[in-house]
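> just coords:
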Ligand SMILES: *Cc1c(COP(=O)(O)O)cnc(C)c1O
């Protein structure tokens with residue numbers, strides 16, 4: 001079954017009694033026991049709630065994994081996964097990482113004895129050379145932020161398997177609609193569902209999918225023990241968002257391609273990063289492995305003065321962090337999303353004071369171009 005069909009089916013047959021087409025929001029903390037030593041399958045909502053479970057089963061189905069888990073945010077999901085490791089363990093990580101993940105690793109988990117090193121995971125040789133005796137996992141973003149580097153998940157997974165490492169993929173920017181890392185050999189996917197999966201800039205949520213049932217048991221133990229679960233209302237909102245994932249992304253990608261091409265021809269733009277452009281280093285790999293190129297793009301303007309001008313003068317496009325929703329957003333990574341990254345690292349990566357990032361929404365592409373055009377004109 002195509003993923004778009006599968007997404008629409010999420011929760012459809014839950015309520016056999018009334019035939020409700022959407023899963024009910026089970027706004028309950030606890031569940032009555034039918035008898036001593038008996039359970040309906042639900043005891044307490046931290047351990048399991050039907051609305052959340054519908055979402056968890058839904059994302060597991062879309063990603064072709066054994067089991068899914070829903071958390072109160074993407075960061076809570078990543079936190080839960082890091083609890084699989086012990087002091088002294090080393091994890092190899094994508095270098096132009098989401099700023100919040102970098103902060104979590106460096107400022108929270110490092111003090112508990114986890115060790116991280118950061119490298120260009122689009123360079124397989126670099127990953128191979130980065131493995132140490134205490135390395136336990138590779139944490140890779142399938143498409144990075146903000147420069148949209150593409151990692152070869154199939155090759156990294158193969159390397160991980162041969163060295164006994166877990167391959168964890170943050171697939172937030174591609175979603176299972178564009179790429180299914182577990183099918184390419186990864187062990188675990190993690191999502192900020194706040195972004196494309198929920199898709200409407202209205203909910204903060206995180207999801208994890210685990211391929212192996214035994215490993216999934218461990219993750220369930222951690223989810224229930226730590227308790228950063230997603231509530232039933234927010235679970236319902238993420239399900240509703242996921243039903244339109246395919247149509248939203250088709251439109252968003254088409255818009256992103258148009259905008260990237262328009263920006264490329266703009267004399268006030270020095271450089272465009274979008275994997276849908278043939279000159280982007282990740283273009284061919286994504287073309288071969290994925291359904292599309294996503295809807296994030298970054299560009300450098302020719303003059304720093306244009307940064308503030310664009311952020312403030314765009315009218316349809318909002319100056320805001322986050323991404324993946326139906327509304328087009330523009331942000332300035334150096335001072336916003338990537339402020340916690342060391343300045344020398346930012347400089348090396350190319351996150352500079354003329355770089356802007358767009359999360360392209362579902363508006364009409366010509367209206368977006370017109371908006372940018374008038375903002376560039378000043
Ligand atoms: C936003 C984001 C996160 C964090 O998710 P939250 O839902 O904001 O906690 C993690 N990884 C990536 C790639 C993201 O874009």
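Thanks, I have the structure now. Note that this is a predicted model, so its numbers are computed, not measured.
> switch to C-alpha atoms for all contacts and neighbour counts from now on
Noted.
> give me the number of residues near residue 157?
Residue 157 has 23 neighbours, counted by other CA atoms under 10 Å.
> Kindly report the same for the one 3 residues further on.
Burial measure for residue 160: 23 neighbouring residues, criterion other CA under 10 Å.
> close enough to count as contact, it and residue 139?
No: using CA atoms under 8 Å, residue 160 is not in contact with residue 139, being 10.6 Å away.
> joint contacts of those two?
residue 167 (CA atoms under 8 Å, 6 or more residues apart in numbering).
> Name the next helix or strand downstream of the one helix or strand in the chain whose mean pLDDT sits lowest, please.
Using mean pLDDT, DSSP states H and E, the weakest-scoring helix or strand in the chain turns out to be helix 343-349, at a mean of 87. Counting by DSSP states H and E, the next helix or strand C-terminal to helix 343-349 is strand 355-359.
> helices or strands next to that next one in the packing?
Contact partners of strand 355-359 among helices and strands, from 3 or more CA pairs under 8 Å, 6 or more residues apart in numbering; DSSP states H and E: strand 296-301, strand 329-331.
> Now tabulate these in CSV and tack on mean pLDDT and distance to the ligand.
Shown next, in CSV, are these (pLDDT from 0 to 100; distance: least, CA to the nearest ligand atom, whole Å):
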stretch, mean pLDDT, distance to the ligand
strand 296-301, 98, 11
strand 329-331, 97, 13
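> so which of the ones you listed gets nearest residue 369?
When these are compared by CA to CA, strand 329-331 sits nearest residue 369, at 13.1 Å.
> Show me what the closest one is in contact with.
By CA under 8 Å, 6+ apart, strand 329-331 touches 311, 317-323, 356-361.
> if I read this right, residue 228 contacts residue 76, doesn't it?
Yes: contact criterion CA under 8 Å: residue 228 and residue 76 qualify, at 6.2 Å.
> Give me every residue in the stretch 151-300 of the chain that's in contact range of the ligand.
Contacts of the stretch 151-300 of the chain with the ligand, taken as CA under 6 Å from any ligand atom, map to 172, 192, 194, 204-206.
> Now do the buried residues in stretch 245-261.
In terms of neighbour count (16 or more other CA atoms under 10 Å), stretch 245-261 has its buried residues at 245-246, 248-260.
> again with stretch 344-360
346, 350-360.
> got the residue ranges for the helices in the protein?
With DSSP state H as the criterion, the chain has helices at 3-9, 50-63, 74-82, 99-103, 124-130, 153-163, 175-178, 213-226, 232-243, 245-264, 283-289, 305-313, 343-349, 365-377.
> Where does the stretch 151-300 of the chain get nearest to the ligand, residue-wise?
residue 192 (4.1 Å; CA to the nearest ligand atom).
> Please work out which residues outside the least confident helix or strand of the chain touch it.
Contacts for helix 343-349 (CA under 8 Å, 6+ apart): 96, 334, 338, 352.
> what pLDDT does the residue in the stretch 1-150 of the chain positioned nearest to the ligand get?
Per CA to the nearest ligand atom, the residue of the stretch 1-150 of the chain with the smallest distance to the ligand is residue 74, at 3.3 Å. Per-residue pLDDT puts residue 74 at 98.
> Poorly predicted segments of the chain, please.
In the prediction, the chain carries no residues with pLDDT under 70.
> Export the helices and strands packed on strand 355-359 as TSV, with columns for mean neighbour count and distance to residue 22.
Shown next, in TSV, are those (neighbours: other CA atoms under 10 Å; distance: least, CA to CA, whole Å):
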stretch	mean neighbour count	distance to residue 22
strand 296-301	24	31
strand 329-331	23	30
